[in-house]
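**Student:** how would this look folded up:
(chains A and B)
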Amino acid sequence: MPSVTISTEQICQLLDPNEKKTTIPTPFGNMILEIQGDLDIPDIEVQHNEDGTTEIPGLDPEYHLNTYKKEDILRYGLLNISEDKKHATLYIGKKQRLLGNIVELETPLGLLKFDSMSQQVDLCDIIKYKILFKDRPLPIM
Amino acid sequence: MSINLYSKLKTDDPTISYKLIELNDDLMKLLNDNKSRKHLQFKSLDEVNSHVVLCSKDKTWLLRQKDHSNMSMLMHEGVVDDNSKTIDPSLSFGLPPPITDYIGFARTTYEYETVATEGRLRLENIPIYDGEQNFEVRDKSNQTSFQQLLEDSPCSSREGLIQWYSLGGCTINGQACLLSPKFINKALHVTLMSVLAESMNLEELNLKETYDAVSKDMNSEFNPYTIEVVETILNKFGRIKDTEIEDKIWKLNSPIIAKWYGIQSLKKYVSKSSLPFDEFMLQRRSQFPPFFPCDIDISMLRGNYYQPQAKQIQYFSKKSLSQDPKDRFKTLFKLQTSWDLRDIEPFIEELNTKHMKIDSFIMKYARRRRVGKNYIITSRN
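**Tutor:** Next comes the predicted model:
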C-alpha cells in the first residue's frame, strides 16, 4: 500500500505555547487571499533579452515584472489592510478594487507541501485567518 | 498597511505542489502533542483509484476534496530581488507606500476535508487457519506478516490491532492468518479447561503459564494449540491489564466468552428448528467447561436470534440480510411479526449511516408502539 509519513518538524515552533501569537499572516509569513471568481494573471513565459532585461510581449504596462529568488514574478495589485485588521481593499491594476474582510477560519487549514520526487509530504504551516473578497469588483473613479 | 502583491508566473518545479487540509479539533489536539504528531501518515490502497486516508496512531480520517467556486491564492512574505524598480505612483491610489511584498506561490480551488472514519484491516488475502499441521503459504514471496498487513491497511495501528484481536488474528509459520471459528471454539475450550484444571486465576493469566497448562496433557505429536494460538485466544477473549509492563497479564472477559458460547449453542441447537427458551438455556449451559464462572442471559445474544413463536428461539445470521433497509425490515417482519425494539436494533443499526436516533430511524420503515416500559416494532403494512 502506498503510504507516506507526514513530516511535522516545521510546525513545531508554531505549536510551542510560548511562541503563540495570532496574526493574519502566520508567523512563517504565509497567508491566504481568497477571491470569488479568478484572478486573470497572464500565464505566459517571460522573454529574457540579451541585454539582461525581461519582458512579456504585449503585457499591459499596469503589470510589473520582477523576480523573487530568481523566479519570474508579476506585480498584479496592492493590498491595503485597515488599522483594526478587520477590513481589506485589493486594488487590481488601475481600474478595479475589491472590498473584503479578514475572516477567522472555522477550522484551521494545514498547508501541505508535496514533493513527488522525494515522495515527501511536509505539513509546513497552520493558517487560521484568510483575507476574503466575496463581492464583485468596484470601479476606481 | 499597504502590501505589494505578486504572483509567480509559472512553476519552475512541477514536482512541488501545495494543498490545504482542514485541521479539525482532533487533529489540532494531536498536532499539539509532541509524540502523537510524529505518527501522522497518508495511506491509500493503490496509487490511482482508491480513497486516501490520514492515520494517526489511533484514529483514521477519510480525505474528501471539497471544491469551492472561489480562488485561494497562497502567498508568502518576501523581498523581491530588484527593489529599485519604481512603481507608477498612479498605482498607489494615495495610500502610504507598501511596507512589504507578498508573492503568490500556489492557487487552489479546493481543500481536503478530514472526516473521521473507522479504519479497517485489509483482509482479502489473509488465509484462514483451521489447526492443520501443514499450514504454509504456497508462494513464500506472498507471505504477509501482521506488521506488513498493518502497513497495507487503511487504518491506524491501534484500530488495526483491536480488530486483529477481535477477529482472532494469529501468526502461524510467519504468515498472518485468521483462526477459523471452529478452531477458535476448540482452542478456547481447551484453554479454559486447562486453566480451570490448574486452578489459575482467570483475572491474572500469564501467556507462558497458560500455554504450559494447555500443552500439559497433549499426547499427540502435533499440538495445534501453539503459544501463538493461546495468545490469540487471550487477546480475543481477554484484555491486557497493563500494556506498559513487558510481562503481559490478561484478564479474561466472562461476558464475551459467555456470548461466544451462546452463539455457538444457537448454531448447534436452533439453526434448523426452534426450541423453547428454557430448553435452549439448559443446552447452552451444558456447553461451558465445568466450573466456568459466568452469568448467562438471553439478552447478550441479541442480533443472533429471532422468535418464530412466543417463547421460542431460533438462530438467525445477520449476514444473510439485505443491505437495503426496506428489504431488511421486510425480511425481519417475515421471520417475526412484532419485535421488541431492543431485539430488532442489532439487526438494523448498521444501516443507520446518518446516525439518527435509532427510534427515528426505525420509524422511517416500521411502526412503533409503547407497551409498558418497552417499545414494540411492527410492520407498516
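**Student:** near chain A, which residues of the stretch 101-250 of chain B show up?
**Tutor:** Contact residues (CB under 8 Å from any CB of the partner chain) of the stretch 101-250 of chain B with chain A: B:D101, B:Y102, B:I103, B:G104, B:R107, B:E111, B:R122, B:E151, B:D152, B:S153, B:P154. Any C-beta I mention is one placed from the backbone N, CA and C, and that applies to glycine too.
**Student:** between the residues you listed, which is closest to B:H51?
**Tutor:** If you rank those by distance to B:H51 using CB to CB, B:P154 comes first, at 7.5 Å.
**Student:** what's the helix or strand for B:G131?
**Tutor:** Element membership for B:G131 (DSSP states H and E) is empty, with no helix or strand holding it.
**Student:** number of residues surrounding the residue nearest to it when sequence neighbours are not counted?
**Tutor:** Closest residue to B:G131 apart from its sequence neighbours, by CB to CB, 6 or more residues apart in numbering or on different chains: B:P224 at 3.8 Å. Counted with other CB atoms under 10 Å in any protein chain shown, residues neighbouring B:P224 total 19.
**Student:** helix, strand, or coil at B:P224?
**Tutor:** Three-state call for B:P224 (DSSP: H, G, I helix; E, B strand; the rest coil): coil.
**Student:** report the contact partners of it.
**Tutor:** The contact partners of B:P224, by CB atoms under 8 Å, 6 or more residues apart in numbering or on different chains, come to B:G131, B:E132, B:Q133, B:F183, B:A187.
**Student:** mind checking which of those are buried?
**Tutor:** Buried subset of those (neighbour count, 16 or more other CB atoms under 10 Å in any protein chain shown): B:G131, B:F183, B:A187.
**Student:** now tabulate those residues in JSON lines and tack on pLDDT.
**Tutor:** Shown next, in JSON lines, are those (pLDDT from 0 to 100):
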{"residue": "B:G131", "pLDDT": "89"}
{"residue": "B:F183", "pLDDT": "96"}
{"residue": "B:A187", "pLDDT": "96"}
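**Student:** state the pair within the contacts of B:P224 that is farthest apart.
**Tutor:** Within the contacts of B:P224, B:Q133 and B:A187 form the most distant pair, 15.1 Å apart (CB to CB).
**Student:** right, and the helix or strand after the helix or strand of chain A with the lowest mean pLDDT?
**Tutor:** Ranking every helix and strand in chain A by mean pLDDT, DSSP states H and E puts strand A:54-55 at the bottom, with a mean of 66. Next helix or strand after strand A:54-55 toward the C-terminus (DSSP H and E): strand A:64-68.
**Student:** so for the residue of the stretch 201-350 of chain B at minimum distance from chain A, what's the pLDDT?
**Tutor:** Using CB to the nearest CB, the single residue of the stretch 201-350 of chain B nearest to chain A is B:T243, 23.3 Å away. Per-residue pLDDT puts B:T243 at 71.
**Student:** count the neighbours of it for me.
**Tutor:** Counted by other CB under 10 Å, the residues lying close to B:T243 total 7.
**Student:** and what of B:S299?
**Tutor:** Neighbour count for B:S299, taken as other CB under 10 Å: 8.
**Student:** quick check: closest non-adjacent residue to residue 82.
**Tutor:** Just going to use chain A. A:A88 is the one closest to A:S82 (CB to CB, 6+ apart), at 7.0 Å.
**Student:** that's the other chain; I wanted chain B
**Tutor:** Excluding its sequence neighbours, the residue lying closest to B:D82 (CB to CB, 6+ apart) is A:N66, at 5.6 Å.
**Student:** who does that neighbour bridge with?
**Tutor:** Counting by DSSP bridges, A:N66 forms beta bridges with A:I73.
**Student:** these two touch, right, it and A:I73?
**Tutor:** Yes - between A:N66 and A:I73 a contact is recorded at 5.3 Å, counting by CB atoms under 8 Å.
**Student:** look up phi and psi at the nearest residue to A:E9 once chain neighbours are set aside.
**Tutor:** Spatial nearest neighbour of A:E9, chain neighbours left out: A:D122 (7.8 Å); criterion: CB to CB, 6+ apart. Per-residue torsions, A:D122: phi -110, psi 130 (degrees, to the nearest 10).
**Student:** need the contact list for A:D122.
**Tutor:** Here A:D122 is in contact with A:I6, A:S7, A:E9, A:Q10, A:L112, A:K113, A:D115 (CB under 8 Å, 6+ apart).
**Student:** just the closest of the residues you listed to B:S56, please.
**Tutor:** Distance to B:S56 across the contacts of A:D122 (CB to CB) is lowest for A:I6, with 10.0 Å.
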